[in-house]
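Have a look; sequence and predicted model below, questions after that.
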Amino acid sequence: MAIRKIVKLGEESLRKKSKPVVDFDKSLWELLDDMKETMYAFNGMGLAAPQVGVLRRVVVVDVNNAFIELVNPEIVKTKGEDVEEEGCLSVENFRGRVVRPMKITVNAFDRYGYPFTLTGEKWLARCICHEVDHLDGIVFVDKSLDKEKYLKKHSL
Ligand code: NI
């Protein structure tokens, strides 16, 4: 396992659309192991593969001490609304409010290619939505109610 370098906002790979995983092989497992180690090393709640420069649909999250790996995640159902402040390991010195669903259902595969469905509420739902956005080149700042504050000092 290894800690990988985190891609920061402004770098190109963070804005690209990631491709689905086809081979559930050793290189995927290494990526997942490294993402887990990297997320914990930087005290993140979640990490998406493009944040370590890999344009594949792979996400790890840890909310309430439950570590989850999601390969090719697809949010299939959302319910309600919730507003909280978010941050991101790729965005330094900014946190901002984002409207997210209160509850989501996500279909995904585990590291061996086995499909599963997960329902999450509140922070788990928020974290998964945030990470799935990364897979489509979307960063939370794009959607933040506090985007103007960010744009005073930076560009997107
Ligand atoms: Ni993020």
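Sure thing, it's come through. Numbering: from 1, shown residues only.

C-alpha from now on. contacts and neighbour counts both.
Noted.

In this structure Phe109 contacts Pro73, no?
Yes. Phe109 is within contact range of Pro73, at 7.1 Å (criterion: C-alpha atoms under 8 Å).

Could you check which of these two is surrounded by more residues?
Pro73 (25 against 19; other C-alpha atoms under 10 Å).

Tell me the secondary structure at that one.
Three-state assignment for Pro73 (DSSP: H, G, I helix; E, B strand; the rest coil): strand.

residues touching it, list them.
The contact partners of Pro73, by C-alpha atoms under 8 Å, 6 or more residues apart in numbering, come to 57-59, 106-109, 132.

Go again with 6 Å.
By C-alpha atoms under 6 Å, 6 or more residues apart in numbering, the contact set of Pro73 is 107-108.

Next, the distance between the ends of stretch 87-95.
Start-to-end span of stretch 87-95 (C-alpha to C-alpha, to the nearest Å) is 5 Å.

Flag every buried residue along that stretch.
Across stretch 87-95, burial judged by 16 or more other C-alpha atoms under 10 Å covers 87-91, 95.

what do you get for stretch 129-141?
Under the neighbour-count criterion of 16+ other C-alpha under 10 Å, stretch 129-141 has 129-132, 134-141 buried.

same thing with stretch 7-21?
Those would be 7-9, 13-15, 17-18, 21, for stretch 7-21 by 16+ other C-alpha under 10 Å.

May I ask which of those residues comes out lowest in pLDDT?
In terms of pLDDT, Ser13 ranks lowest among these, with 92.

hey, which helix is longest across the protein?
Ordering each helix of the chain by length in residues (DSSP state H) puts helix 26-41 first.

From the contact count, pick out the helices and strands touching it.
For helix 26-41, not one helix or strand is in contact under the criterion 3 or more C-alpha pairs under 6 Å, 6 or more residues apart in numbering; DSSP states H and E.
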